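Chemist: predicted coordinates and the sequence they were generated for:
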Amino acid sequence: MQSLLELRHLKTLLAIRESGNLTRAAERLHLTQSALSHQIRLLEDHYALPLLLRKSSPGKSSPLKLTAAGEKLAQLAAEFLPRIDQAERDITKLREGEAGQLRIAVECHTCFDWLMPAMDDFRGHWPEVELDIVSGFHADPVQLLFEDRADLAIVSEAADEPGISYQPLFSYEMIALIAKDHPLATKPFLSAEDFANETLISYPVPDDMLDLIRKVLKPAGINPKRRTTELTAAILQLVASRRGIAALPSWSVQHYLERGYVVAKPITEQGLTSDLYAAVTQAQTDTAFVKDFVTTTREVSRISLPGVTLL
């Protein structure tokens with residue numbers, strides 16, 4: 001029997017196994033759900049076997065599972081796709097050379113939680129590339145690209161800036177953090193008005209870099225009292241002591257929440273979502289190790305950070 005199996009089919013099955021959901025798998029692969037479903041039906045017709053375990057109870061919310069046949073193909077994908085990626089990376093090194101420099105500037109205090117694991121993976125791919133973090137917090141890291149003081153900047157907005165290319169990384173939920181015995185702890189979510197009479201504890205950054213201020217409080221005309229600190233642990237300690245409330249990425253405080261240190265609440269009924277991008281100059285956009293750093297960062301973050309969605 002001649003096989004019609006292609007790389008895209010392997011990527012699809014692996015994405016379904018890892019996400020447990022057709023919608024998330026389609027988003028990860030930048031496909032429509034109907035296109036992804038069409039791939040699965042094509043393979044099922046070819047092998048005359050189901051690849052997915054269809055739910056018998058549509059109302060129940062449970063992860064989508066692969067059949068034995070689907071799992072066999074997913075195992076093949078897990079084994080060979082990384083080898084294919086490595087082979088293509090090696091060929092690129094033969095063409096462009098292995099050495100280079102990648103200086104990274106960040107504008108967020110919590111970026112290091114996911115940036116360091118991504119950098120460790122990247123070093124395994126490109127050991128000859130000099131990888132470094134530009135020291136200090138930078139309110140305008142993109143400016144460092146123009147000044148040749150950085151090669152890549154992690155930013156929260158994709159601005160329309162000539163000469164700069166913004167590569168999407170991931171989105172995540174910002175959550176409100178309050179003390180366990182705070183009166184607001186009984187609410188299902190916090191509205192802008194709930195912050196009005198509270199002290200907002202945050203990192204010492206400009207207001208336009210805080211999504212809570214920019215997207216929720218400022219449009220509602222709310223300007224709470226402020227207190228700042230550089231350390232995430234200090235923010236959590238102040239919150240737990242009822243010195244104020246805070247808003248941080250959900251993945252950055254997971255450990256504290258699991259220990260019951262503070263309580264987390266959605267911000268607004270719809271929730272507050274923030275995004276992250278990698279900014280590089282147009283001249284660096286097609287540099288192989290820069291492209292691989294973005295890809296590695298997306299994949300490591302998807303696997304290691306709870307609740308993130310790839311952009």
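Modeler: Great, that's in hand. Numbering: from 1, shown residues only.
Chemist: for V205, what is the enclosing helix or strand?
Modeler: Using DSSP states H and E, V205 maps to neither a helix nor a strand.
Chemist: burial measure for it, as a count.
Modeler: V205 has 15 neighbours, counted by other Cβ atoms under 10 Å. Glycine gets a C-beta too; all of them are placed from N, C-alpha and C.
Chemist: after the longest helix seen in the chain comes which helix or strand?
Modeler: As assigned by DSSP state H, the longest helix anywhere in the chain is helix 68-96. As assigned by DSSP H and E, the chain's next helix or strand after helix 68-96 is strand 100-106.
Chemist: that following strand pairs with which strands?
Modeler: Sheet pairing of strand 100-106 (DSSP bridges) gives strand 129-133 (parallel), strand 152-155 (parallel).
Chemist: tell me where the stretch 101-250 of the chain has strands.
Modeler: Counting by DSSP state E, counting those that start in this stretch, residue ranges of the strands within the stretch 101-250 of the chain are 129-133, 152-155, 164-178, 199-202, 225-228, 245-249.
Chemist: how about residues contacting the fifth one?
Modeler: Taking contacts as Cβ atoms under 8 Å, 6 or more residues apart in numbering, the residues outside strand 225-228 that touch it are E198, T199, L200, I201, S202, Y203, P204, L238, R243, G244.
Chemist: repeat that for 10 Å
Modeler: 195-205, 207, 213, 234-235, 238, 243-244, 246 (Cβ atoms under 10 Å, 6 or more residues apart in numbering).
Chemist: parallel or antiparallel, list what pairs with it.
Modeler: The strands beside strand 225-228 in its sheet (DSSP bridges) come out as strand 199-202 (parallel).
Chemist: rewinding a little: just the buried subset of the contacts of strand 225-228, please.
Modeler: Buried residues within the contacts of strand 225-228, counting neighbours by 16 or more other Cβ atoms under 10 Å: F195, E198, T199, L200, I201, S202, Y203, I213, I235, L238, G244, A246.
Chemist: these into JSON lines, with extra columns for distance to L5?
Modeler: Formatted as JSON lines, the buried ones among the contacts of strand 225-228 follow (distance: Cβ to Cβ, whole Å):
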{"residue": "F195", "distance to L5": "54"}
{"residue": "E198", "distance to L5": "57"}
{"residue": "T199", "distance to L5": "59"}
{"residue": "L200", "distance to L5": "54"}
{"residue": "I201", "distance to L5": "54"}
{"residue": "S202", "distance to L5": "51"}
{"residue": "Y203", "distance to L5": "49"}
{"residue": "I213", "distance to L5": "51"}
{"residue": "I235", "distance to L5": "50"}
{"residue": "L238", "distance to L5": "56"}
{"residue": "G244", "distance to L5": "56"}
{"residue": "A246", "distance to L5": "50"}
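Chemist: now pLDDT and distance to Y256 too, for these, in a markdown table please.
Modeler: Listed next are the buried ones among the contacts of strand 225-228 as a markdown table, based on pLDDT from 0 to 100; distance: Cβ to Cβ, whole Å:
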| residue | pLDDT | distance to Y256 |
| --- | --- | --- |
| F195 | 94 | 20 |
| E198 | 94 | 19 |
| T199 | 95 | 19 |
| L200 | 95 | 18 |
| I201 | 95 | 14 |
| S202 | 92 | 16 |
| Y203 | 89 | 16 |
| I213 | 93 | 22 |
| I235 | 93 | 10 |
| L238 | 94 | 12 |
| G244 | 94 | 16 |
| A246 | 95 | 11 |
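Chemist: now for those, which pair is the farthest apart?
Modeler: Using Cβ to Cβ, the two most remote members of the buried ones among the contacts of strand 225-228 are I213 and L238, lying 17.8 Å apart.
Chemist: ok, so of the buried ones among the contacts of strand 225-228, who is nearest Q143?
Modeler: Nearest member of the buried ones among the contacts of strand 225-228 to Q143, counting by Cβ to Cβ, is Y203, at 19.4 Å.
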